[in-house]
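> Using only what follows, build the 3D model:
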Amino acid sequence: MATVVEHHPMPGGGDGYSIEVFDALGNTIAVMTLPESHIEPLKQNEVFSARSLTTPDQGDFDLYHYTTPEALKEIIEKRQIWASLIFFLNDSEEWYLGMKLFEERLKLVNPQHPLCQHLLHAVESATEGEERGGFAPEKSLAMYVCSFSRDGDLLSQWRAYCPKGGFALGFPKSKLESLAKDQHFVFRPCLYETDDQIRIVDQTLKRIWADAPQACYPNQDQGLESKEYGQIINKSIWEIMRTAAILKHRGFREEQEWRLASTLEYTGESEQIEFHANESIIVPHRVIDLSDADLWNHVSIVVGPSPHKNESEKVVRDLLWSKRRVLTAKIRSSTIPYRRTYA
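Reported below is the predicted structural model:
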């Protein structure tokens, strides 16, 4: 099942289409380019049949959260992990890179379209910043992120997140997807290449236009009241902001990051927000509950580069049994021959 994203000429001549392919639940499987002759329209006398589709990219796999020994101990004991405010992450262009791309693509749509004008104004206000007459997203945007990497043994991640030694805590992707759904987070892979980023931005805008067909002219003659129009605008802006949160600079592509992200409109209430301190700053965070026993039955842990790998493996196994009654954990040590040196 597919929908047309764009109509364009094929490199070898003739008409072609970019199409987005969906599974039975409406999730995107792939975006591909095909000649017109390879696409068949639906017919009135057709009925659907279902079959399972398995590809290497769709199989389950572990995703890893790099952390310090102190933090791992707290995660296991308290059965929770933190999602930090997105503006406190290592990427200095975090979120802004994606918003700037949305700004560029919106300018290519239809600048006279009222919905486009509203969205473009909102995006420009966010990217301009408070000092240039916009608003300061870091002061009002409640977007909290917990990061996981596809690779549980990356030297760049060890150095960035636990330079004095640490661990990579892993859970199956399928379990994290269920956790995200239950706790109102979104769970998506980050995109690093420009072509992929443009594709997802254009898909998001296309979906916004499709979901809000009446938003062209917000007046009662068109059957759309101002309150309803405002709701459409707000929903569209938050969808843009959620998508911008997974677009990252390609310099970070080695990490193959997946994100648990919470994007909630600021309400002025702070009771759900907590704080932790690192070596140089105090960071706001939201708590993600990891109390599901089945989640821990599938846990895997990588011990980072250390002169005490065997001891660390045993202690972590003992900790999991003592606090979580887990005997099935997959625990292994890093294979990277890295050791810290001191001048």
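
> Check which helices and strands the helix or strand harbouring N310 is in contact with.
Assigned by DSSP states H and E, N310 belongs to helix 309-324. Helix 309-324 makes packing contacts with helix 69-78, helix 293-296, strand 300-303, strand 330-333 when contacts are defined by 3 or more C-beta pairs under 8 Å, 6 or more residues apart in numbering; DSSP states H and E. Just so you know, the C-beta spots here come from the backbone N, C-alpha and C atoms, and that holds for glycine as well.

> now do 7 Å
Under the contact definition 3 or more C-beta pairs under 7 Å, 6 or more residues apart in numbering; DSSP states H and E, helix 309-324 sits against helix 69-78, strand 300-303, strand 330-333.

> Pretty sure E255 sits against F148.
No: between E255 and F148 there is no contact under C-beta atoms under 7 Å: 9.4 Å.

> quick one: which of the two has more around it?
The neighbour count for E255 versus F148, taken as other C-beta atoms under 10 Å, is higher for F148 (25 against 21).

> Setting aside sequence neighbours, what's the nearest residue to the more buried one?
Once flanking residues are discounted, F148 sits nearest to L63: 3.8 Å by C-beta to C-beta, 6 or more residues apart in numbering.

> gap between whichever strand or helix holds that neighbour and the chain center?
Secondary structure from DSSP H and E places L63 in strand 62-67. The chain centre lies 15 Å from the centre of strand 62-67; the measure is C-alpha atoms, centre = their mean, to the nearest Å.

> ok, now stretch 170-190?
On the basis of C-alpha atoms, centre = their mean, stretch 170-190 sits 10 Å off its chain's mean C-alpha point.

> Show me which residues of the helix holding N310 are buried.
For helix 309-324, a neighbour-count test (16 or more other C-beta atoms under 10 Å) marks S312, E313, V316, L319, L320, R324 as buried.

> Please apply the same query to stretch 63-75.
Those would be L63, Y64, H65, Y66, T67, T68, P69, A71, L72, K73, E74, I75, for stretch 63-75 by 16+ other C-beta under 10 Å.

> Might one say that K248 is in contact with D91?
Yes: applying C-beta under 7 Å as the test, K248 and D91 come out as touching, 6.0 Å apart.

> So for these two, which residue has more residues nearby?
Comparing K248 with D91 by other C-beta under 10 Å, the one with more neighbours is K248, at 22 against 16.

> Give the full set of residues in contact with the closest residue to the more buried one other than its chain neighbours.
Of all residues not flanking K248 in the chain, C190 sits nearest, at 4.8 Å (C-beta to C-beta, 6+ apart). C190 makes contacts with I246, K248, E257, R259, as judged by C-beta atoms under 7 Å, 6 or more residues apart in numbering.

> same deal with E74?
By C-beta under 7 Å, 6+ apart, the contact list for E74 is empty.

> do you know how far it is from R286?
In this view, E74 and R286 are 15 Å apart by C-beta to C-beta, to the nearest Å.

> and D57, what pLDDT?
Model confidence at D57, given as pLDDT, is 48.

> so W238 is in which element?
Counting by DSSP H and E, W238 is part of helix 226-244.

> residues in contact with E257?
Applying C-beta under 7 Å, 6+ apart, the residues contacting E257 are S147, F148, S149, C190.

> Ok, A50 next?
A50 sits next to A24 when contact means C-beta under 7 Å, 6+ apart.

> Give me the domain ranges for the chain.
Following automatic domain parsing, the chain resolves into domains at 2-56, 60-333.

> I'd like to know which of those domains lies nearest to R339.
Closest to R339 of the domains of the chain, according to C-beta to C-beta: domain 60-333, at 6.5 Å.

> The closest one spans what distance, first to last residue?
One end of domain 60-333 to the other measures 22 Å (C-alpha to C-alpha, to the nearest Å).

> and the closest residue to L295 other than its chain neighbours, how many neighbours?
Counting by C-beta to C-beta, 6+ apart, K175 is the residue found nearest to L295 once chain neighbours are left out, at 5.1 Å. K175: 20 surrounding residues under other C-beta under 10 Å.

> Mind pulling the model confidence for K175?
The model reports K175 with a pLDDT of 96.

> can the helices and strands packed on helix 309-324 go into TSV with extra columns for distance to A122?
Below are the helices and strands packed on helix 309-324 laid out as TSV (distance: least, C-beta to C-beta, whole Å):
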stretch	distance to A122
helix 69-78	36
strand 300-303	41
strand 330-333	45
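
> Pipe those into a markdown table and attach mean pLDDT per row.
Shown next, in a markdown table, are the helices and strands packed on helix 309-324 (pLDDT from 0 to 100):
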| stretch | mean pLDDT |
| --- | --- |
| helix 69-78 | 96 |
| strand 300-303 | 98 |
| strand 330-333 | 96 |
